[in-house]
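In: only the shape, not the letters, is given here:
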């Protein structure tokens, strides 16, 4: 894998274990319930994964709505 971004030093020809079945490497931001984390996922143009440990998943819908609004406002993708 070769990669360059803004948040860490670049990677050059690094091996990934286990090997990727289909490149590129898929990445998500896991969020546990912070609105700031939801907006950060949209800002970095990354998919969102909600950490729902228990309870009614429907209560996380406001975070999905926030992600969609932030994604649209930030002009991602």
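Out: Done, it's in. Here the structure is a predicted model, which is why all the values come from computation and not from measurement.
In: the longest helix in this structure is where?
Out: The helix spanning the most residues in the chain, taking DSSP state H as the definition, is helix 61-74.
In: can you tell me which residues contact residue 11?
Out: For residue 11, the residues meeting the contact criterion (CB atoms under 8 Å, 6 or more residues apart in numbering) are 1-4. No exception for glycine: its C-beta is placed from N, CA and C like everyone else's.
In: what bridges to it?
Out: Note on residue 11: beta-bridge partners by DSSP bridges are residue 3.
In: packing partners of the longest helix of the chain?
Out: Using 3 or more CB pairs under 8 Å, 6 or more residues apart in numbering; DSSP states H and E, the elements in contact with helix 61-74 are helix 35-43, strand 48-50.
In: include mean pLDDT when you put the ones you listed into JSON lines, please.
Out: What follows is the helices and strands packed on helix 61-74, written out as JSON lines (pLDDT from 0 to 100):
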{"stretch": "helix 35-43", "mean pLDDT": "93"}
{"stretch": "strand 48-50", "mean pLDDT": "90"}
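In: closest to residue 62 out of these?
Out: Closest approach to residue 62 among the helices and strands packed on helix 61-74 (CB to CB): helix 35-43, 8.5 Å.
In: quick check: buried residues in that closest one?
Out: The neighbour-count check on helix 35-43 (16 or more other CB atoms under 10 Å) flags 37-39, 41-42 as buried.
In: wait, which of these is closest to residue 13?
Out: The closest of the buried residues of helix 35-43 to residue 13 turns out to be residue 41 (CB to CB; 28.3 Å).
In: state the distance from the spatially closest residue to the closest one that is not a sequence neighbour to residue 2.
Out: Spatial nearest neighbour of residue 41, excluding adjacent residues (CB to CB, 6 or more residues apart in numbering): residue 29 at 3.9 Å. Residue 29 sits 22 Å away from residue 2, going by CB to CB, to the nearest Å.
In: out of these two, which sits in the busier spot?
Out: The residue with more neighbours, out of residue 29 and residue 2, is residue 29; 16 against 8, by other CB atoms under 10 Å.
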